[in-house]
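1. dropping a prediction and its sequence here:
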Number of protein chains: 4
Amino acid sequence: MNVGFLGLGTMGKAMAANLIKAGHTVTVWNRSPGPFAELAALGATVAKTPADAFHGDAVISMLADDASTNVIITDDLLAGAPKGIVHVNMATVSVAAARSLSERHKACGLNYVAAPVFGRAEVAVAAKLNIVAGGSDEAINSVQPLFDAMGQKTWRAGVDPAHANLVKISGNFMLAASIEMLSEAFALTEKGGVDPKLFAEIMTSTLFAAPAFKIYSEVINARRFEPAAFKLALGLKDVSLALEAGHASQTPLPMASLVRDHFLEALAAGHAEKDWSALSTIVRRNAGLAG
Amino acid sequence: MNVGFLGLGTMGKAMAANLIKAGHTVTVWNRSPGPFAELAALGATVAKTPADAFHGDAVISMLADDASTNVIITDDLLAGAPKGIVHVNMATVSVAAARSLSERHKACGLNYVAAPVFGRAEVAVAAKLNIVAGGSDEAINSVQPLFDAMGQKTWRAGVDPAHANLVKISGNFMLAASIEMLSEAFALTEKGGVDPKLFAEIMTSTLFAAPAFKIYSEVINARRFEPAAFKLALGLKDVSLALEAGHASQTPLPMASLVRDHFLEALAAGHAEKDWSALSTIVRRNAGLAG
Amino acid sequence: MNVGFLGLGTMGKAMAANLIKAGHTVTVWNRSPGPFAELAALGATVAKTPADAFHGDAVISMLADDASTNVIITDDLLAGAPKGIVHVNMATVSVAAARSLSERHKACGLNYVAAPVFGRAEVAVAAKLNIVAGGSDEAINSVQPLFDAMGQKTWRAGVDPAHANLVKISGNFMLAASIEMLSEAFALTEKGGVDPKLFAEIMTSTLFAAPAFKIYSEVINARRFEPAAFKLALGLKDVSLALEAGHASQTPLPMASLVRDHFLEALAAGHAEKDWSALSTIVRRNAGLAG
Amino acid sequence: MNVGFLGLGTMGKAMAANLIKAGHTVTVWNRSPGPFAELAALGATVAKTPADAFHGDAVISMLADDASTNVIITDDLLAGAPKGIVHVNMATVSVAAARSLSERHKACGLNYVAAPVFGRAEVAVAAKLNIVAGGSDEAINSVQPLFDAMGQKTWRAGVDPAHANLVKISGNFMLAASIEMLSEAFALTEKGGVDPKLFAEIMTSTLFAAPAFKIYSEVINARRFEPAAFKLALGLKDVSLALEAGHASQTPLPMASLVRDHFLEALAAGHAEKDWSALSTIVRRNAGLAG
């Protein structure tokens, strides 16, 4: 397929590269030129403006957040886009932003698919992402070959694109809560004289034998927070998106509130650029544990 | 082996039966005579008093909580027990109770092993429990054949029996926190128009693909809280044990505090005898969701 | 003085009336015409547009929130305003909105004073408001006669208008937290068999002999939530403003998070239009108390 | 009156001295002899054992907590006490302990009055305590002259002595929550550039014009945590008593849970012996504020 790609951060660059490797024709754009050389070497065409990449069979965007998405995906861009094109927004944006984007595309005769992903950078590189797609079946079907090149499985969240974002946001809330949960359990065992690694081994070999718990138990107990696979400041952003969605739908989420407060403690302590599992540093400090 | 067994609740009865089936000679005692006939039919000898069962190669107890344990395991009982016998306490008792029991046994020349288990009733029946054993290697080795008859694996938590209880309590805190986490995520998705079953399927097929999340997602979304596999009142007890242990070691556990408050809400709403996953009923009510 | 007044809700209407009674010449504007007749009868001139009221020595606005303020106080309005006029915004807006408004006024050569107030409707009627003013001393001095006509005291929060809003927001957080605190204490005493009115009398006659505690103890124990002196939905808005300000400055506010979650529970239970002290209804329900 | 007095800590010593000054005949006992000389100089008789002081018209105890009360107030002591004597326990003990003590006294033909007090050391010295008395009217009437010598007012909490303790515990929960509330509000204003002392002045001159807020605003902003007027470890004890009472009556107290967790953080950070308002140190640290 002939596809544009906007936003070449760690995730976007890996995803665009996998599209090229799968044989798709890819035109890339990014705010800063850093990733261009590497992708051009693989065969990508480099666009000078977002509009230059917003054509072909479909365009994918992987921009940082609501604000940067709205700065790039302007009304002018949408008005000038070829009618009928499918825009697949794979970034984690808010439910409210998804609603607004969906309406703005419809008003311009464009198709909007939300397709946020589960998976950290190394998962994106391995083309093993789990993709949660929301939008019309027809639009999703048309871009399925692109999803197949980037992910291991596509989950359909329904025809409302915002539903896919809600799934992503709710899932990230669960990950953040799991980091807090593990951190508290490890602090409790360590202060009681039990090696948290032994405790983690028992738990992740039995009831909690899940990737989320294996990965974060290992990272937390090794305190390997740099380089960040997912920055703590972004973790706060995502938990805040869950709280916003809960506010809008009148759903109290006290566990998300707790995690948000701890992320703020972590920011105040200077951990914004570390991996979000550095939340455990705060739990340890609060328990009087060093390091 | 020749073994006594005190406490024949749902768990204890299944565990004693598995010992008999594995060829051990078992003398059972229980406060009420309900389970006697079934176990006698399998070949158990029924004791009239705890002391009558407190002999042989080892004695196992599976009593409800700290209070009932201390009522049965009296100083007189320990003073009259054969020197060198190994008492394996498989119940979930507090860290403080474990410390005290351990000292009282030592003072009487007896061996004390704490061996709490992970696994609900059906797991006990299937002899698939995960057993966390704390105590001297010699004592644990001597009762390993009994563990093998009841569980799928024995995890060694160190020579301090209380450490095994701390592992169990910390693990149960994680389970309770997971129930709260799932309940909040399901409420958020449902109120946003996403089927929580679809969300659960995505999560438990990917990052949260572990028994804890599969079991409780299924139970919560089916709202199948009766009969209780583990009563909510006992869930509150276990989270309170985690908070007590945290208090003693100066470890704040805000997530445990949150779950405890919700368990209290559930008790006040009349759910004490339901499964502890009925915690989700409270989360749903608080979000304005019916049923 | 010759003064415009934008926004004639319960508070605004009472404040404008007091300005007229004190001898000032007042031109009023409101989105809906409901309050016009009453104020015209007192001597007010009714403006057809916000711009028609945005002239004279000063203009006061008392609009509902950030959104409605920004809809009325447009760039066109400010560009067309007489240079040097002082705009006194007495509504509770966010710290971020205050910063933005302050800059937008400066760019148009206008003076911006933030002057949020403490006091419910009956306090506004009695001209007994506590006014917290932020802005240049010169600007505040010039409108002091207006403040004197509406309030019992003006507190100076410094030259940055946003500081006045932060004081107001922090104060409203304290009020909301006090409502939660009283509600929990009353639930605890009532469930233990002690009359919460007796408990309230002891507390508010001694350590807690403050208006906030006397007023809300009385309202909560009488369960007199309608008509609302301050609507619960607005209470949620103000606690959210505190959390936003805390987010921006990396200040975790776990007590505000807790209160926010309870306000959301109250909204989900249908109490949005009741007085914000109806938060106690949720605390009572969660404790299993009726009514 | 002829009165015994058990427990001469900071509070007890001041209270006993005021009894002597008011003309009562006082026999004092304490575990350690430190306070004897000073009270003997005022005219007190020093008893060698608790039993030696447990006679006369009434006996007052002011012991540290449940445990020390139960160690001193033994069954033997009560069995040997003169029938009909009134024992006034003015310490802060748990609701459960109050219930048990009340029953044990009744079984020995003795009168038990619970009379916990509000007021720190300087208030005790000034004989300005607020006394909350629970017990039979007859018993309370008989010791009213003693209360008049120690306090400014006696509040009657009903005939169940435990009710007085519940009032005291609920009141101390409110004080602890107020310390947290002030600490959060001060952190929010300080990080936003507003002097917390100015904010405190506005609040405590208006809606929060009460001793609790004036005292603790002043202490927190001056960071004058030593010497402790009321130790942080005792604050944790009292909040734990509130949570225990809430557990027993199925009353969730999330605000108390939050404060308890922060007290634990403070203990883990080494502040046990400081004033309980040093809780604010934790709130400041969590917000990234120094000192």
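-> Nice, thanks for sending it over.

2. need the three-state assignment for the spatially most distant residue from the centre of chain A.
-> Farthest-out residue of chain A from its mean C-alpha position, per C-alpha atoms, centre = their mean: A:G193, at 37.1 Å. Using DSSP: H, G, I helix; E, B strand; the rest coil, the structure places A:G193 in coil.

3. so it makes contact with B:H163?
-> Yes - using C-beta atoms under 8 Å, A:G193 is in contact with B:H163, at 6.2 Å. Glycine gets a C-beta too; all of them are placed from N, C-alpha and C.

4. contacting residues around the residue nearest to A:G43 when sequence neighbours are not counted?
-> Nearest non-adjacent residue to A:G43, counting by C-beta to C-beta, 6 or more residues apart in numbering or on different chains: A:I20, 5.1 Å away. A:I20 makes contact with A:26, A:39, A:42-44, according to C-beta atoms under 8 Å, 6 or more residues apart in numbering or on different chains.

5. how many residues are close by the residue in the stretch 101-250 of chain A that chain C sits nearest to?
-> Here the stretch 101-250 of chain A gets closest to chain C at one residue, A:Q250, 4.2 Å apart by C-beta to the nearest C-beta. A:Q250 is flanked by 20 other residues according to other C-beta atoms under 10 Å in any protein chain shown.

6. with adjacent residues omitted, what lies nearest to it?
-> C:A268 (4.2 Å).

7. now swap in A:I202 and tell me
-> Per C-beta to C-beta, 6+ apart, closest to A:I202 is B:W155, 4.9 Å.

8. I'd say that neighbour and A:A200 touch.
-> No - at 11.7 Å, B:W155 and A:A200 do not qualify as touching, with contact defined as C-beta under 8 Å.

9. chain neighbours aside, what residue packs nearest to A:V59?
-> A:G4 (3.7 Å).

10. which of the three states applies to the one you found?
-> Once three-state DSSP is applied, A:G4 turns out strand.

11. what's the distance between the most centrally placed residue in chain A and chain B?
-> Centroid-nearest residue in chain A: A:T92, 4.9 Å away (criterion: C-alpha atoms, centre = their mean). A:T92 sits 15 Å away from chain B, going by C-beta to the nearest C-beta, to the nearest Å.

12. same question for A:Y216.
-> Relative to chain B, and taking C-beta to the nearest C-beta, A:Y216 is found at 10 Å.

13. for that residue, what are its contacts?
-> A:175, A:178-179, A:182, A:277.

14. go on, A:M1?
-> Contacts of A:M1 by C-beta under 8 Å, 6+ apart are A:24-25, A:56-58, A:143, A:145-146.

15. can you pick out the most distant pair from these?
-> A:T25 and A:V143 (14.2 Å; C-beta to C-beta).

16. those two: who's more crowded?
-> A:V143 (24 against 15).

17. I'd say that one and A:V88 touch.
-> Yes - judged on C-beta under 8 Å, A:V143 makes contact with A:V88 at a distance of 5.5 Å.

18. find the residues that touch each one of the two.
-> Shared contacts of A:V143 and A:V88 (C-beta under 8 Å, 6+ apart): A:58, A:113, A:115.

19. the residues you listed in strands, which ones?
-> A:58, A:113 (DSSP state E).

20. of the shared contacts of A:V143 and A:V88, which is the most crowded?
-> A:A115 (29 neighbours).

21. ok, that residue - contacts?
-> A:88-90, A:131-135, A:140, A:143, A:147, A:154, A:164.

22. interface residues of the stretch 1-150 of chain A facing chain B?
-> A:95, A:118, A:130, A:132 (C-beta under 8 Å from any C-beta of the partner chain).

23. so which of these belong to helices?
-> Of those, the ones assigned to helices by DSSP state H are A:V95.

24. closest to chain D among the residues of the stretch 1-150 of chain A next to chain B?
-> Closest to chain D, out of all of these and judged by C-beta to the nearest C-beta, is A:V95, at 26.8 Å.

25. contact partners for that closest one?
-> A:162, A:165-166, A:169, A:241, A:244-245, A:248, B:192.

26. one more pass at 10 Å, please.
-> Residues near A:V95 by C-beta atoms under 10 Å, 6 or more residues apart in numbering or on different chains: A:114, A:160-166, A:168-169, A:241-242, A:244-246, A:248-249, B:188, B:192-193.
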